[in-house]
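[1] quick one: sequence and predicted model below, then my questions.
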Amino acid sequence: MTPFPAPLRTFVELFNAREFWESHEVLEVPWRAHRSEFYHGLILYASAFVHVQRGNAHGVGAQLRKARIVLEPYAPAYLGIDVAGILDHCRAGEAAIEDKDFPRLDLSADRLRGDEIELMH
């Protein structure tokens, strides 16, 4: 059995398939139910790439800034996600986005802290 919550696994699969809108939607219900700020940060991060796909440069920058602010307390890793890597990508921001250099997310049990509240839901 995987230690990762099903919504997070699905989010990562969809995100890596570049289905950013769908990945964002997967976390909406657990985020609203449990007010996970980590999920909120991932939603903001995915929404930045929705704006990339729509050609909305302003939206990309705004969402990356919001994602960085929300995710910073979770660095370097949280719930199996390399948060430091996401933060680096947010900071690099528009240059990487303009090149369509979409990142990949990977879940790693080695990055689980064990105290993540999302593991309890």
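    It's in.
[2] low-confidence ranges in this structure?
    Low-confidence segments of the chain (pLDDT under 70): 1, 94-102.
[3] can you tell me which residue is nearest the centre of it?
    Leu42 (2.7 Å; Cα atoms, centre = their mean).
[4] work out for me the element that one sits within.
    Take DSSP states H and E as the rule and Leu42 turns out to sit in helix 37-54.
[5] after that helix, next one along is what?
    helix 57-71.
[6] now do the helix holding Leu42: everything it contacts.
    7-8, 11, 15, 18, 20-21, 23-24, 27-28, 30-31, 57-60, 63-64, 66-67, 70-71, 73-74, 78-79, 81, 86, 90, 97, 100, 102, 116, 118 (Cβ atoms under 8 Å, 6 or more residues apart in numbering). Where C-beta positions appear, they are placed from N, C-alpha and C, glycine not excepted.
[7] for PyMOL, what selects the buried ones among these?
    PyMOL command restricting the contacts of helix 37-54 to the buried ones, with burial defined by 16 or more other Cβ atoms under 10 Å:
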select buried, resi 7+8+11+15+20+23+24+27+30+31+60+63+64+66+67+70+71+74+78+79+81+86+90+97+116+118
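[8] need phi/psi at Arg18.
    phi 60, psi 30 (degrees, to the nearest 10).
[9] residues contacting Leu8?
    Neighbouring residues of Leu8 by Cβ under 8 Å, 6+ apart: Leu27, Tyr39, Leu79, Gly80, Leu107, Glu118.
[10] and the gap between the last one and His58?
    Glu118 sits 31 Å away from His58, going by Cβ to Cβ, to the nearest Å.
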